[in-house]
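Engineer: sequence-free structure coming up:
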């Protein structure tokens, strides 16, 4: 279920990005008024603004709801509530220390000086 909602979320996000990039800005209407008839070709005299705005709003609603669904699904999953609780403790590796003799070696005797 979570994977399906995630796929819907990603598809709606990519669709939103594409639709937003297709839309014209507010300043583009002035250029269309002075002889550029491209805005009247496919979507009528109003242009594509009304159609693209509605599709964008629909995709934004789908994206919002799928994001809320993902949050709800992740809250339902039993598991640790903190990152530090999810870390498992591992025993420390054993380190062999070299054996150090406890007795001090006898100091060498000084040579005898003839009298």
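Structural biologist: Thanks, I have it. Quantities reported herein were computed from a predicted structural model and do not represent experimental measurements.
Engineer: State which helix of the protein is the longest.
Structural biologist: Ordering each helix of the chain by length in residues (DSSP state H) puts helix 49-76 first.
Engineer: Packing partners of that helix?
Structural biologist: With contacts defined as 3 or more CB pairs under 8 Å, 6 or more residues apart in numbering; DSSP states H and E, the packing partners of helix 49-76 are helix 2-22. No exception for glycine: its C-beta is placed from N, CA and C like everyone else's.
Engineer: Determine how far the helix it packs on lies from the middle of the whole chain.
Structural biologist: Taking CA atoms, centre = their mean, to the nearest Å, the mean C-alpha location of helix 2-22 is offset from the chain mean by 15 Å.
Engineer: That one to helix 49-76, inter-axis angle?
Structural biologist: Between helix 2-22 and helix 49-76, the angle comes out at 150 degrees (axes from the mean of the first three to the mean of the last three CA atoms, to 10 degrees).
Engineer: mind listing what's buried in helix 2-22?
Structural biologist: Residues of helix 2-22 classed as buried: 5, 8, 9, 12, 13, 15, 16, 19 (neighbour count, 16 or more other CB atoms under 10 Å).
Engineer: could you dump these to CSV with pLDDT and distance to residue 77?
Structural biologist: As requested, these are arranged in CSV below (pLDDT from 0 to 100; distance: CB to CB, whole Å):
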residue, pLDDT, distance to residue 77
5, 93, 13
8, 95, 18
9, 95, 17
12, 96, 22
13, 96, 22
15, 95, 27
16, 95, 27
19, 91, 32
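Engineer: quick one: low-confidence parts of the chain?
Structural biologist: Low-confidence regions of the chain, defined here as pLDDT under 70, cover residues 26-49, 79-81, 101, 105.
Engineer: tally of neighbours for residue 63?
Structural biologist: Applying the criterion other CB atoms under 10 Å, we find 19 residues in the vicinity of residue 63.
Engineer: er, residue 73 actually
Structural biologist: Neighbouring residues of residue 73 were enumerated by other CB under 10 Å; the total is 13.
Engineer: tell me the contacts of the residue nearest to it when sequence neighbours are not counted?
Structural biologist: Taking CB to CB, 6 or more residues apart in numbering as the measure, residue 73 lies nearest to residue 2, with 4.9 Å between them; neighbours along the chain are not counted. Contacts here follow CB atoms under 8 Å, 6 or more residues apart in numbering; on that basis residue 2 touches 70, 73, 74.
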